[in-house]
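> whatever this is, show me its structure:
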Amino acid sequence: MKKNGALSPPSPNGWRKSTIWSDSIYRQNYLRVAFNYQKDSALIATSRREVNDTTLKSLPKYEVNKPVRIYFIDFTGDRIGSGYAGRWLKNIHFKEDFEFYYLQENRFGFVNCTFEKLFQPRLMETRFFFRFIDCHFKGMVNINNPSQPTPFRFRDCTIDGLLVMSAIDSSPTVEFINTSATAIYIRDKVNILSMDSSSVGMGIMLDNMSVNNSISITNSEIGGLDINGSNLPSANSYLPFDLFKNKLGLGVVRRNLFTGLDSVSNAYKGVTNEELMDKLQFDKLIASYYKLLSIYKTRGELDSYNACYIEMRDKQTARSRLFYENDPSFNRYFDYQIARFTKVFSDYGTRPAKAIVIFFQVVLAFSVFYFFFPSSWNTTNSEKMMKRLSYLGSYFTSKEGLSDLFEKETKNKYRNYEEFKGFMASSEKELPFYFQLMSKPLYHMSVARFNFTSRLLGRTDILNGRWVELPKGKRLLTSLVIGLYLVFYMLYVILIRCLNAITLSLNAFSTLGFGEIPTRGLARYVTIVQGFVGWFLLSIFLVSLIGQILN
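Predicted coordinates:
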């Protein structure tokens, strides 16, 4: 039908009456479709209220059983409500291919429609919007080269096949909201690419594509991402790395011009040995990771930066392992082991806190060893413990009390106090005044401590005689009290030994230096080894910490 011919334009109602078509396909050139609201109200919507009507899903769909292919299509007729709402087709089930070219409508859309096979709008002249709401695409969707910067929006849609979009002459805006798709393939250029609360099973492939304004993916689940050769704006690209289940790859979507979508199994992900040895593809993949890292660094997205960097370094480490297996030289082995170590120690420098945890694990491990090899720092050695046990044995077997035993044990020390006092008295006239002034308080403090301890032991003495001569009940009570004392004393000894062992280990690990290494025998050499280990780990930690600060 001619574009502005005298014949009455057909309505969408005529598309579904396929029994009157003589051909196997409904094909028209220069077609103007008239909207008659009274006649076609079940198939068209021209107001926002109709477009957002939630009861549409419960209504039966009108079927179009033959392929539809229209060139140069225009719409005219009734508009109910604001013209800004545009014209919409609703409740239609296209059971065969639906193709149209050169759409002459600035605001157009589909509501609650099903496309069984190919859906292909091409070379459209739609300027303000082209939208899909509650639509189900069971076949391939091919949106090709709109001549205007058309904003496309898919809301609450399901796309079972491959969605392909290419734009050479303009930069459209593409938006997905609460939409589920199998695979998305976009090439050439777009102005804005936005996705929210959506999912893409296989992934998104941006094939040598340029994003003029921004790209954003939020609250979505994406199988994989291919950005090889694409130009993304660093400041306006929001691509959280944890949204991509299969991370980055090359060819995550395999496009077939005839059937739409191929298997994703041939995507290059840099995992198998064959893929790791493919230098060209591996370099392209690493370049994609660096592209994302640049975006994350520009935007300050540290979590995504670290996750992306770890994923990239894992692949490089796997490649180092393969190089070593094929060429087992020292350099290859060293490169591989260093990569493995930095992964375990700090996730390639991205997590300094992980290194601190390992620090303490190493310090505690050496502390266990030092616990059984006492150093000169230990004041509770075995000789002193035996002396303390002998002291308690004398307490049980003699009639002397705790105060008497204490004075006997410390008589040499007390004698020194008395000798000091006598020296000060005999030399009073021969010593400077300030010397006596400082010495007397020191003497009185020492004697006071001695006297206080002696009096305290005398008042708390519960034995008062030999243990064997006490009544049975008192013997039991005395044994219990002294036993508790021994238990607490042993716990005290163990605690001091542990603290000394940890202190020695921490000192050796941090390489602070001893002057004289306070241990002997095997433990002496172990401290030297631990010092080297500590120096190495601390160096790696500092590099990791500085790297995070700079990032």
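> CA only for contacts and neighbour counts going forward, please
Fine.
> helices of this structure, start to end?
For the chain, applying DSSP state H gives helices covering 37-40, 48-51, 273-276, 279-299, 302-326, 330-346, 352-371, 382-397, 402-409, 411-426, 433-460, 472-509, 522-550.
> quick check: which ranges of the stretch 1-150 of the chain have low pLDDT?
Across the stretch 1-150 of the chain, the ranges flagged by pLDDT under 70 are 1-23, 76-85.
> give me that answer again for 50
1-11, 14-20, 80-82 (pLDDT under 50).
> before we move on, what about the stretch 251-400 of the chain?
257-258, 262-265.
> and with 90 instead?
Within the stretch 251-400 of the chain, the segments meeting pLDDT under 90 span 251-267, 327, 330-331, 334-335, 337-339, 341-400.
> quick check: Gly223 touching Gly201?
Yes. Gly223 is within contact range of Gly201, at 5.0 Å (criterion: C-alpha atoms under 8 Å).
> more neighbours, those two?
Gly223 (19 against 16; other C-alpha atoms under 10 Å).
> how about that one: what's its closest non-neighbour residue?
Gly203 (4.4 Å; C-alpha to C-alpha, 6 or more residues apart in numbering).
> and Ser24, by the same measure?
The nearest residue in space to Ser24 (C-alpha to C-alpha, 6+ apart) is Lys66, at 6.6 Å.
> enumerate every residue touching that neighbour.
Neighbour list for Lys66: Ser18, Ser24, Ile25, Tyr26, Phe94, Lys95, Glu96, Asp97 [criterion: C-alpha atoms under 8 Å, 6 or more residues apart in numbering].
> and the gap between it and Phe98?
As defined by C-alpha to C-alpha, to the nearest Å, Lys66 lies at a distance of 9 Å from Phe98.
> near the nearest residue to Tyr289 once chain neighbours are set aside, how many other residues are there?
Here the nearest residue to Tyr289 in space, its sequence neighbours aside, is Met312; by C-alpha to C-alpha, 6+ apart that works out to 6.5 Å. Look at Met312: counted by other C-alpha under 10 Å, it has 21 neighbours.
> equivalent analysis for Lys39, please.
Other residues close to Lys39 by other C-alpha under 10 Å number 12.
> try Asp314
Using other C-alpha under 10 Å, the number of residues around Asp314 comes to 18.
> ok, now Arg69?
17.
> against Arg32, how distant is the residue lying closest to Lys284 once chain neighbours are set aside?
Leaving aside its chain neighbours, Lys284 sits nearest to Asn228 (6.8 Å; criterion: C-alpha to C-alpha, 6+ apart). The gap separating Asn228 from Arg32 is 42 Å, by C-alpha to C-alpha.
> and what of Ala45?
Plainly put, Ala45 is 17 Å away from Arg32 if you go by C-alpha to C-alpha.
> might one say that Arg497 is in contact with Phe373?
No. Look at Arg497 against Phe373 with C-alpha under 8 Å: they stay out of range, at 9.9 Å.
> more neighbours: which of these two?
Taking other C-alpha under 10 Å, Arg497 and Phe373 do not tie; Arg497 has more neighbours (24 against 16).
> quickly list the domain ranges of this structure.
As assigned by automatic domain parsing, the chain contains the domains 1-139, 351-398+467-551, 402-460.
> which parts of the stretch 101-250 of the chain are strands?
For the stretch 101-250 of the chain, applying DSSP state E, counting those that start in this stretch gives strands covering 107-111, 114-115, 119-122, 129-133, 136-137, 141-144, 151-155, 158-167, 173-177, 180-196, 199-218, 221-222, 225-226, 237-238.
> right, so of these, which gets closest to Met438?
strand 237-238 (73.7 Å; C-alpha to C-alpha).
> could you measure from Pro328 over to Arg340?
Pro328 sits at a distance of 16 Å from Arg340 (criterion: C-alpha to C-alpha).
> actually Gly483, not the one I wrote
53 Å.
> neighbour count winner among these two?
Ranked by neighbour count (other C-alpha under 10 Å), Gly483 and Arg340 place Arg340 first, with 19 against 12.
> and the strands of the stretch 101-250 of the chain, which is most packed in?
Most buried of those by mean neighbour count (mean count of other C-alpha atoms under 10 Å) is strand 225-226; its value is a mean of 25.
> quick one: stretch 341-349 to chain centroid distance?
Relative to its chain's centre, stretch 341-349 lies at 15 Å (C-alpha atoms, centre = their mean, to the nearest Å).
> in it, what's buried?
The neighbour-count check on stretch 341-349 (16 or more other C-alpha atoms under 10 Å) flags Thr342, Lys343, Phe345, Ser346, Asp347, Tyr348, Gly349 as buried.
> nearest to Asp335 among those?
Nearest to Asp335 among the buried residues of stretch 341-349 is Thr342, at 10.8 Å by C-alpha to C-alpha.
> return the residues in contact with the closest residue to that closest one other than its chain neighbours.
Ranked by C-alpha to C-alpha, 6+ apart and with sequence neighbours excluded, the top spatial neighbour of Thr342 is Tyr348, at 4.8 Å. Counting by C-alpha under 8 Å, 6+ apart, Tyr348 makes contact with Ile310, Arg313, Ala339, Thr342, Ser544.
> for those, pick the one with the most neighbours.
Ser544 (23 neighbours).
> out of the strands of the stretch 101-250 of the chain, nearest to Lys474?
Of all those, it is strand 221-222 that lies closest to Lys474, at 76.9 Å by C-alpha to C-alpha.
> how about residues contacting the closest one?
For strand 221-222, the surrounding residues in contact (C-alpha under 8 Å, 6+ apart) are Ser197, Ser198, Ser199, Val200, Gly201, Met202, Gly203, Ile204, Leu243, Phe244, Lys245, Asn246.
> number of nearby residues for the last one?
Put plainly, it is Asn246. 15.
> for it, grab phi and psi.
The phi and psi values for Asn246, taken as degrees, to the nearest 10, are phi -100, psi 10.
> so who does it touch?
Going by C-alpha under 8 Å, 6+ apart, Asn246 touches Ile222, Gly223, Gly224, Leu225.
> nearest to Val211, of those?
Closest to Val211 out of the contacts of Asn246 is Leu225 (15.2 Å), distances taken as C-alpha to C-alpha.
> state the pLDDT value of the closest one.
Looking at Leu225, its pLDDT is 94.
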